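S.K.: let me see the structure of the following:
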Amino acid sequence: MPSEPRHAPFRMPERIFAELAAGGGSPEAVAFLERAERARRLLLLRTLLDRLGTVSTPLSPAADAWGVLKAAAAAAPGPVDRLLLAPSTGGWIAHVLRRLHGTASGPPLWAEAGHLCALAIAASLRAGTEARLRVPLSDGGLSLPGLGLARLPEAPGGLAVGDARTRDGELFLSGPGRAGGGAPAVTVRPATQPLPARRTAAPAPPPRDTPVWLPLRTLTRPAPAGSVAIPLEDLDPYRDLDDPLPPARLDPAEAEAWQRLFEDAVALLTAAGGEGPGRFDAGAIRAVVPWGRTRALPPPPPTVVVSATSGDSFGAMVIARPSSPLALAETLVHEFQHSKLAALLHLFPLLDDDREERYYAPWRPDPRHLTGLLHGAYAFTGVAGFWRDRLALAGDEAAAERAGYHFALRRLQSRLVVRTLLAEGALTPQGRALVSGLARTLDAWLREPVPRDALRRARTAAALHRTEWRLRNVDPAAKPPPDGPRFRPDRTPWPDVRTHVFATRPAVARTADAHLAAGDAAAALAGYAARLASDPAEPHALAGWIVARAALAPGRDTRRMLARPELLQPLPSG
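M.R.: Residues are numbered from 1 along each chain as shown. Just a heads-up that it's a prediction; the model follows:
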């Protein structure tokens, strides 16, 4: 039975830890992390089952649902195991445990706890067993994890109790009707729907929804041994990072756009090969969760509006669809790095974090705590490796300049954060081994050649971000204590518009930023001074002025100015 815990010690081989510590992750290493996540998931599920028996519910008792799951697992252990270990199942378990501990909110607890009945019905359908349970309905719909959404026509809105029966892979669902109407009922044979891949000889027709059944769509990843299906999850209530969500069905054109983008992104990831940081088999992704519904064109490359992961949902990624395969490929690498580190944090205490947000993170507008720094360093080491591969494969000068810039920027920023982590003294022995592994990877990369102008722009962009961060966040009037700077009470989020602006050398410089990106620090200084004439403390222009001035007059005074730019009250004259 997949739910039975194993009592043998769970030990990670040193070579796998060393591989993950370097930022990489071969299929063998990722498979080990998945086994570890499986053990943790089943322990949490056992804890949850022990608590659900006390929840008052109009649905079938948790013990009955568990019995259905056990019978299904006996008939089809593989499919039921995958269902229990799906990202949305992990999200549900963690959320309901937080509800039971009083640290989360949501719909009535009986409805959230009753999702176990929906899981059991989905397992029964997968296994072809017979079952009957009272299940939670939301607006007449029953979410079946890993399959889709069954809907009762003419059902009332809100929460209700339905009756679900299964036999030979068929679902019979009934529930209360609207006032004065009969009890609606449907019979469906649930199945997922793969989105058609362009690289197949005969693409399948696009999936079609029906009034009573919305199938889970899956992104098709062509592979030598046959295509791999990865859920494009827009239906499951526990697909997000915490709170349950209603279904948000993508229209067919949007779903097909995701398939095209995903297919091209996977082709980019497989072009490099190997097992180093920034490389992984996209088949390890367990779900892609679209954030929002893109009714207009997504933002131009390389912008990705939203991407996120949760440690409760290994292998799942919440992403707002970008407009280019390159941006999606980079995002997949970034988010899978987070998944790997979250799994490592479940196995080892890596650092002693007081959760105080007082550290500079080169990819954030706000101060971060040590755990956030560690996640950022691990994720952006993978991103640096991704761009390192793009640089090696660049087919022309423009592609080499772009890839070289991002590689140089991310390796520099990641190494800065690694230095902070090593210096703070909060790492455990395992944490120090992990961060030292990242340091060795990044130190080797810092010695690798990059196109000269791309390297200059990367160093300038890094200096600009840190300078503006301090101007916007650090209180210049407060003497910095030993544990870090004091922060301005009036600080607010600010957009990092320079990181990507500096990715390419401008053909024609019309702004101060463009002059600085082009390497003309004198013209940039004059432009920033003109903007500061009316507002001498405007952080964006002041950061540019400081960095441009430092480029023109390097020395000890310049280094001091860059180290504590918030102390500077300039009256720029050019």
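S.K.: next up, the contacts around residue 446.
M.R.: 411, 412, 415 (CB atoms under 8 Å, 6 or more residues apart in numbering). To be clear about C-beta, it is placed using only N, CA and C from the backbone, and glycine gets the same treatment.
S.K.: what's the weakest-modelled helix or strand in the chain?
M.R.: Sorting the helices and strands of the chain by mean pLDDT, DSSP states H and E puts strand 193-194 at the bottom, at a mean of 85.
S.K.: how far is that one from where the chain is centred?
M.R.: 23 Å (CA atoms, centre = their mean, to the nearest Å).
S.K.: ranges for the helices of the stretch 251-400 of the chain?
M.R.: 252-272, 325-347, 370-393, 397-424 (DSSP state H, counting those that start in this stretch).
S.K.: following the chain onward from the strand or helix carrying residue 444, which element is next?
M.R.: In this structure, residue 444 is located in helix 429-446 according to DSSP states H and E. Once helix 429-446 ends, the next helix or strand along the chain (criterion: DSSP H and E) is helix 452-473.
S.K.: the helix or strand just after that next one - what's its average pLDDT?
M.R.: Per DSSP H and E, the first helix or strand lying C-terminal to helix 452-473 is helix 498-501. Looking at helix 498-501 alone, the average pLDDT works out to 89.
S.K.: mind listing what's buried along helix 498-501?
M.R.: Neighbour-count burial for helix 498-501 flags 498, 499, 501 (criterion: 16 or more other CB atoms under 10 Å).
S.K.: point out where the stretch 1-150 of the chain drops to low pLDDT.
M.R.: 1-8 (pLDDT under 70).
S.K.: same thing but 90
M.R.: Residue ranges of the stretch 1-150 of the chain with pLDDT under 90: 1-11, 25, 53.
S.K.: can you redo the contacts of residue 446 as JSON lines with pLDDT, neighbour count and distance to residue 444?
M.R.: JSON lines is the format used below for the contacts of residue 446 (pLDDT from 0 to 100; neighbours: other CB atoms under 10 Å; distance: CB to CB, whole Å):
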{"residue": "411", "pLDDT": "98", "neighbour count": "26", "distance to residue 444": "10"}
{"residue": "412", "pLDDT": "98", "neighbour count": "20", "distance to residue 444": "14"}
{"residue": "415", "pLDDT": "98", "neighbour count": "21", "distance to residue 444": "11"}
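S.K.: with distance to residue 256 added, can I get those residues in TSV?
M.R.: As requested, the contacts of residue 446 are exported to TSV (distance: CB to CB, whole Å):
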residue	distance to residue 256
411	36
412	39
415	41
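S.K.: ok, so of these, who is nearest residue 493?
M.R.: Using CB to CB, residue 412 comes nearest to residue 493 of the contacts of residue 446, at 23.6 Å.
S.K.: once you drop chain neighbours, what's closest to that closest one?
M.R.: Of all residues not flanking residue 412 in the chain, residue 462 sits nearest, at 5.4 Å (CB to CB, 6 or more residues apart in numbering).
S.K.: so that neighbour touches residue 414, yeah?
M.R.: No: assessed by CB atoms under 8 Å, residue 462 is found out of contact with residue 414, at 10.8 Å.
S.K.: more neighbours: those two, which one.
M.R.: Neighbour totals were compared for residue 462 and residue 414, and residue 414 leads with 29 against 21 (other CB atoms under 10 Å).
S.K.: where does the prediction get shaky in the stretch 351-500 of the chain?
M.R.: 425, 476-485, 490, 497, 500.
S.K.: try it again with 70
M.R.: Short version for the stretch 351-500 of the chain, where the test is pLDDT under 70: none.
S.K.: sounds good, over and out.
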